[in-house]
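S.K.: Any chance you could fold what I've pasted below:
(one chain, ligands or ions: 2)
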Amino acid sequence: MAARGDQGRRPILRGDYRPPAWLVDHVDLELELAAESTRVLAHLDVRRNPEALDREPLRLSGVELKTRRVLVDGQPLADRQRTMDGESMVIGGVPDVARITTEVEIHPERNTALEGLYAAGSSLLTQCEAEGFRKITWFPDRPDVMATFRVRLIADRARYPLLLSNGNQLESGELEDGRHYAVWEDPFPKPSYLFAVVAADLAVLEDHFTTRSGRQVALKVYSEPVNLHRLDHAMASLKRAMAWDEERWGLEYDLDVYHIIATHDFNMGAMENKSLNIFNARYVLADPDTATDADYEAVEAVIGHEYFHNWTGNRVTCRDWFQLTLKEGLTVFRDQEFTADLRSRAVKRIADVATLMARQFPEDAGPMAHSVRPERYIEINNFYTATVYEKGAEVVRMYQTLLGREGFRRGLDLYFERHDGQAVTCDDFLAAMADANDRDLTQFARWYAQVGTPRLEMTTDYDHERGHYILRFRQSLSAHPDNEQRGPLMVPVKIGFLGPDNQPLPVTRVGEDGEGAETRLLVLTNVDAEFRFDQLPPDALPSVLRDFSAPVRLDYDWSDEQLARLAGHDPDPFSRWQAMRRLAERVLTAAIEAGARLPDAVELLIAAWKAVLEDETLDPALAAELLSLPSEAELAQQRDPVDVDCIHESRKALLMRLSQVLEPVLRARYLACRDGAAWSDSPEAVGRRALSNLILNLMLDGQCEAADGLAVDHYESADNMTDRMGALKALVHGRVGAADRALRGFEDRYRDDPLVMDKWFAVQASVAGADAVRRIEALMAHPAFSLKNPNKVRALLGTFGLHNPTGFHAADGSGYALMGRVIRELDGINPQVAARLATVFNRWQAYGAERAGRMRGELEAIADKKGLSPDVEEIVKAALR
Ligand code: ARG
Ligand code: ZN
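M.R.: Ligands and ions are numbered 1, 2, ... in the order given. Sure, this is the predicted structure:
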């Protein structure tokens, strides 16, 4: 048995890539499936890779496999022909073309890591990305080895009536002893990480889709029978995704069947296995009674995401795991565009950038900072990050910004034309974009290599002699060893100006004729850049980085009044939101520095809020975005040392002031939003729920008169989960007397519904204050909680660590001690989830000597654990460095 978890693994380096010495053309698998023990018989048709650099022996990866037999061309191997090297079995003397046969035994029921083949409830499922296939059978488990697969599944018919794998079903039938079998064949060569198997007893919703060229595709979405009625939205989302991929990119589905399986036991969001997607149930199940509007949108987006991977990921895949952003950044970009095209583009863009700033910016500034194409890793699972995904999507978006929509489409078409069926690199993607548009993108490639969030400092000037308005930029990269000697980036910056009356001004560069557009693209290529404009008044108000045209931090010293003007009048909705955020951050920063006393600038913020609340022409969903304040965690990011309690008090003081001064306006807008409240999923209704719930929470935060009663009514009259959760949160966070009863009623109603119970755990985990620790401990003992279930861990402990600063950072260190204990225990159960959780300690140094000492103590205790997983080890060692 190959062991895992040998401490002190050496990092794998991007520069060490070598083409595979051996290829596998075809795989024949037979799995005799049972939860206690599954037998896997594999035949691999291998041959030497003509492109290999050396004549190396055949290497197969395997982890936790009980190996029964290894044969080469049907002949058993002599012992000296096979040696072990870490996770690899090295086989000498294999003919240049050969058939390798292995038989192993694995134990799905004991697999709590949820990687490889594992038992999820009464089902057996696989998760192979990134390196889970080696926990199923011996294989050169790397994405540049692509094979066709034929899979024969055998299992007890009563327990597992459903037997699925990738591709098309060739046959099925009965066997003796109540068993049955099914044979599946996937005609598309694929890397092992896209392999999947499901053996289960599930209900199915069926439909079909006819592609543009007339292919009839059977669509099947599966869940446990009790949730069959919650699959309609997933199915509708899948059909929308298929239609959109054809319309927007000309991409069609390529097989006759598409399966989606929902499970409650899943490490991530979902997985794009060829034709057999496996999903965290939270991204499949939805009905108004149990799913919020945000859940509805997330289901649609993740179903879209996994579907879009069929082209960007499966048809064209990654050569090695350093290229992960090739498929993930691109596919996130595609799912963002999908949502933007179907829903509100403005709201979607704001929400995406808000997520980037809240989740990716801290990663860029933290101990695990890495480029979108990392240079090294110890455990690849630690690199499924906001940087690779969300910042990677921003990099893809910049191509589109620079090349235009049509140019980008030409580039993508060429990418598929050149690379369909291949495993390629980010450089190949860039080359397709460059060649299709006849553009030199050499400099753009630095976006893949630089680490951290680049900074743009802007200054303005006016050349009175010539009547030129001048914008000057200076760019800089963060201080990181990987950034040394790196030249300037190519940065697309969208700009515009407002006149004294707040009207947008046409923008004309010096030397251009005619009247320019109101938004213009500037492309920065040097460290210092200067742009001159004609026909602008000296007091024109610059609006810069519209649409967040590049993932940078922009510094410019707008006055408070100027920010308020942009917040009210910038024609670009993202820039309005950004200005509102900046203004709120200024107010909060000043308050934090003055011991929670609000500065005078708060009046400007109040006026800006009032204007938003009174603007009945504004989309309520956009209004809700404009009125969202930076969280305590985001405020903490920008401070060193972090004064946890003062941040909390300052934010509370601001909420209090806003809600008290604006109470009549808030109440009026609230009532207007609640008018005609019967549930509908129209964008209008969704927007009104978003805004009314935001206002309700604000009024409770501000202890407005009779707000408690409003929240109780809101809760009791709710006919959908968005309102029910919105009101529950207001009651619980407002520590209103009625909160306990509401929590109990909610629990009674939903105790058997794991996804809804996740919400119940999360809403309690985020209640501020040092008593949070005891509450978390009590909730961990709740029968619905389990450390073995990743959704539960995220809902309770993830929420506590990330969204409850005053609880987690309780001065006595009890929050740290709890988290440390959980991480050490979870490490032995599920290293991937434990490693994610361990990142809550990343900024330990910034919390003052006392807290820092306690956090370091926890990190050291984790690092000292015997048999610590490489996953967690990589995270805590980076934090301690
Ligand atoms: N490729 C999947 C997605 O983006 C995520 C799989 C993550 N797997 C992992 N082991 N980290 O949809
Ligand atoms: Zn993905």
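S.K.: give me the residue from the stretch 451-600 of the chain nearest ligand 1.
M.R.: Residue nearest to ligand 1 within the stretch 451-600 of the chain (Cβ to the nearest ligand atom): residue 551, separated by 19.2 Å. Backbone N, C-alpha and C define where each C-beta goes, glycine included.
S.K.: which SS class is that residue?
M.R.: Following DSSP: H, G, I helix; E, B strand; the rest coil, residue 551 is assigned to coil.
S.K.: and the closest residue to it other than its chain neighbours, what helix or strand is that in?
M.R.: Nearest residue to residue 551, sequence neighbours excluded (Cβ to Cβ, 6 or more residues apart in numbering): residue 394, at 4.1 Å. Per DSSP states H and E: residue 394 is located in helix 392-419.
S.K.: got the contact list for the residue in the stretch 651-800 of the chain that ligand 2 sits nearest to?
M.R.: Closest residue of the stretch 651-800 of the chain to ligand 2, Cβ to the ion: residue 790 (17.0 Å). Neighbour list for residue 790: 114, 265-267, 830, 833 [criterion: Cβ atoms under 8 Å, 6 or more residues apart in numbering].
S.K.: Next to ligand 1 in this structure, residues from the stretch 51-200 of the chain, please.
M.R.: 129-130 (Cβ under 6 Å from any ligand atom).
S.K.: before we move on, the earlier item: compute the distance between the residue nearest to residue 551 and residue 554, please.
M.R.: In this structure, residue 394 and residue 554 are 14 Å apart, going by Cβ to Cβ, to the nearest Å.
S.K.: ok, now residue 312?
M.R.: 30 Å.
S.K.: Compare the two (neighbour count), which wins?
M.R.: residue 312 (28 against 17; other Cβ atoms under 10 Å).
S.K.: and the helix holding residue 394, anywhere near ligand 2?
M.R.: No - judged by Cβ under 5 Å from the ion, helix 392-419 makes no contact with ligand 2; its nearest approach is 10.1 Å.
S.K.: Just the buried residues of that helix, please?
M.R.: 392-403, 407-412, 414-416, 419 (16 or more other Cβ atoms under 10 Å).
S.K.: Stretch 359-376 now?
M.R.: Across stretch 359-376, burial judged by 16+ other Cβ under 10 Å covers 359-364, 366-374.
S.K.: repeat for stretch 712-720
M.R.: Those would be 712, 714-715, 718, 720, for stretch 712-720 by 16+ other Cβ under 10 Å.
S.K.: On the three-state scheme, residue 184 is what?
M.R.: Classification of residue 184 by three-state DSSP places it in strand.
S.K.: got it, and the one 3 residues further on?
M.R.: Per three-state DSSP, the secondary structure class of residue 187 is strand.
S.K.: who's in contact with it?
M.R.: Contacts of residue 187 by Cβ under 8 Å, 6+ apart are 148, 167-168, 255.
S.K.: what do you get if the cut-off is 7 Å, keeping everything else the same?
M.R.: 148, 167 (Cβ atoms under 7 Å, 6 or more residues apart in numbering).
S.K.: what's the answer for residue 822, then?
M.R.: 797, 837.
S.K.: Please name the nearest non-neighbouring residue to residue 642.
M.R.: In space, residue 642 is closest to residue 636, 4.6 Å off (Cβ to Cβ, 6+ apart).
S.K.: how deep is the one you found tucked in, by neighbour count?
M.R.: 23.
S.K.: quick one: what helix or strand has it in it?
M.R.: helix 632-637.
S.K.: what's the answer for residue 302, then?
M.R.: Using DSSP H and E, residue 302 falls in helix 293-308.
S.K.: my guess is residue 119 is in a helix, correct?
M.R.: No - applying three-state DSSP, one finds residue 119 to be strand, outside a helix.
S.K.: returning to that earlier point: spell out whether the helix holding residue 302 and ligand 2 are in contact.
M.R.: No - shown here: helix 293-308 not in contact with ligand 2 (Cβ under 5 Å from the ion), separated by at least 5.5 Å.
S.K.: State the next helix or strand along the chain beyond that helix.
M.R.: strand 317-318.
S.K.: Pull the residues that contact that following strand.
M.R.: Under Cβ under 7 Å, 6+ apart, the answer for strand 317-318 is 143, 191, 324, 326-327, 423.
S.K.: Helices - which of these land there?
M.R.: 324, 326-327 (DSSP state H).
S.K.: Quick check: nearest residue in space to residue 24, chain neighbours excluded?
M.R.: residue 147 is the one closest to residue 24 (Cβ to Cβ, 6+ apart), at 4.3 Å.
S.K.: Quick one: mean pLDDT over whichever strand or helix holds that neighbour.
M.R.: Taking DSSP H and E as the definition, residue 147 sits inside strand 146-156. In this model, strand 146-156 has a mean pLDDT of 99.
S.K.: sorry, back to before: and the residue nearest to residue 24, how many neighbours?
M.R.: With other Cβ under 10 Å as criterion, residue 147 counts 21.
S.K.: Buried residues of the helix holding residue 302, list them for me.
M.R.: Residues of helix 293-308 classed as buried by neighbour count (16+ other Cβ under 10 Å): 293, 295-308.
S.K.: List just the nearest of those residues to residue 596.
M.R.: residue 293 (33.5 Å; Cβ to Cβ).
S.K.: is it true that residue 155 touches residue 178?
M.R.: No - with contact defined as Cβ atoms under 7 Å, residue 155 does not reach residue 178; the gap is 9.9 Å.
S.K.: If you count surrounding residues, which of those two has more?
M.R.: Per other Cβ under 10 Å, whichever of residue 155 and residue 178 has more neighbours is residue 155, with 25 against 11.
S.K.: The nearest residue to the more buried one once chain neighbours are set aside - how many residues pack around it?
M.R.: Distances taken as Cβ to Cβ, 6+ apart put residue 33 closest to residue 155, at 4.2 Å, once the chain neighbours are dropped. By other Cβ under 10 Å, the residues close to residue 33 number 22.
S.K.: Same question for residue 721.
M.R.: 25.
S.K.: What's the separation between the closest residue to it other than its chain neighbours and ligand 2?
M.R.: If the residues on either side of it in the chain are set aside, residue 721 comes closest to residue 292, at 5.0 Å by Cβ to Cβ, 6+ apart. With distances taken as Cβ to the ion, to the nearest Å, residue 292 is found 23 Å from ligand 2.
S.K.: Residue 547 too?
M.R.: For residue 547, the distance to ligand 2 - Cβ to the ion - is 24 Å.
S.K.: Kindly report the same for residue 343.
M.R.: Applying Cβ to the ion, the value for residue 343 to ligand 2 is 20 Å.
S.K.: Residue 218 now?
M.R.: 24 Å.
S.K.: cool, and residue 881?
M.R.: 29 Å.
S.K.: I'd say that residue and residue 367 touch.
M.R.: Yes - proximity of residue 881 to residue 367 meets the contact threshold set by Cβ under 7 Å, at 6.5 Å.
S.K.: Show me what the closest residue in space to residue 101 that isn't next to it in sequence is bridged to.
M.R.: Distance criterion Cβ to Cβ, 6+ apart; nearest residue to residue 101, sequence neighbours excluded, is residue 71 at 4.0 Å. Note on residue 71: beta-bridge partners by DSSP bridges are residue 76, residue 101.
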